[in-house]
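Asks: Next comes the sequence, and after it the predicted model I'd like to discuss.
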Amino acid sequence: MDRAIDHIPLKELPKYFPVKFKAPTVLPYDMTSDVKGQVRKIGQKNAVLTIKYKQQEPGRNEYIELNVANFPYSFPDFVDEKRFQEQMKLNNGTSAYFKNKDDYERGDEFATLIWKEKGIEYQLLYRNVEGNDEKVIKQNLLYIANKME
């Protein structure tokens, strides 16, 4: 049975997502101060945590979203089906997989960097990013991932 719990203050997340996880310590913009998380329980033990880091600046729609799962969630489809464009290494030696946003109409409107670390699946999404400078988008996601604690 799926169950979602919305608008959880970051300090209270451990009550709902009992697995220790890393989160971004830097972003390529100033974020709003009211960052909240959502936890989706899938069955008895599986959970997915989503945190959206919205921008402070009015009119800026692009933002970073972090998804953390304590089970194989997106990683198997993304990696096994080779839906990524580039494999790279994080500073700690972990393999990460990058895919830029799709240009066609029904494609993904976000760029993705996904990896697994200590049994936890991490996915950074760069949503609503304008422009198509893949190199800058990739560098931003990689920088954020390497600075997570």
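Replies: Nice, thanks for sending it over. Numbering: from 1, shown residues only.
Asks: C-alpha from now on. contacts and neighbour counts both.
Replies: Noted.
Asks: Am I right that Ile120 is in contact with Tyr73?
Replies: No. In this structure, Ile120 is not within contact of Tyr73 by CA atoms under 8 Å, at 9.8 Å.
Asks: low-scoring stretches of the protein, by residue?
Replies: Applying pLDDT under 70 to the chain flags the ranges 1, 103-108, 131-132.
Asks: need the strands for it, in chain order.
Replies: 2-9, 36-42, 46-53, 63-69, 86-89, 95-99, 110-117, 120-127 (DSSP state E).
Asks: Not counting the second one itself, show me its contacts.
Replies: Strand 36-42 is contacted by residues 1-10, 13, 16-17, 47-52 when judged by CA atoms under 8 Å, 6 or more residues apart in numbering.
Asks: change it to 10 Å
Replies: 1-13, 16-17, 46-54, 66-69, 71 (CA atoms under 10 Å, 6 or more residues apart in numbering).
Asks: Can you list the neighbours in contact with the longest helix seen in the chain?
Replies: Criterion DSSP state H: the longest helix present in the chain is helix 134-146. Helix 134-146 has contacts (CA under 10 Å, 6+ apart) with 22-28, 64, 66, 86, 88-92, 96-101, 110-115, 122-126, 129-131, 147.
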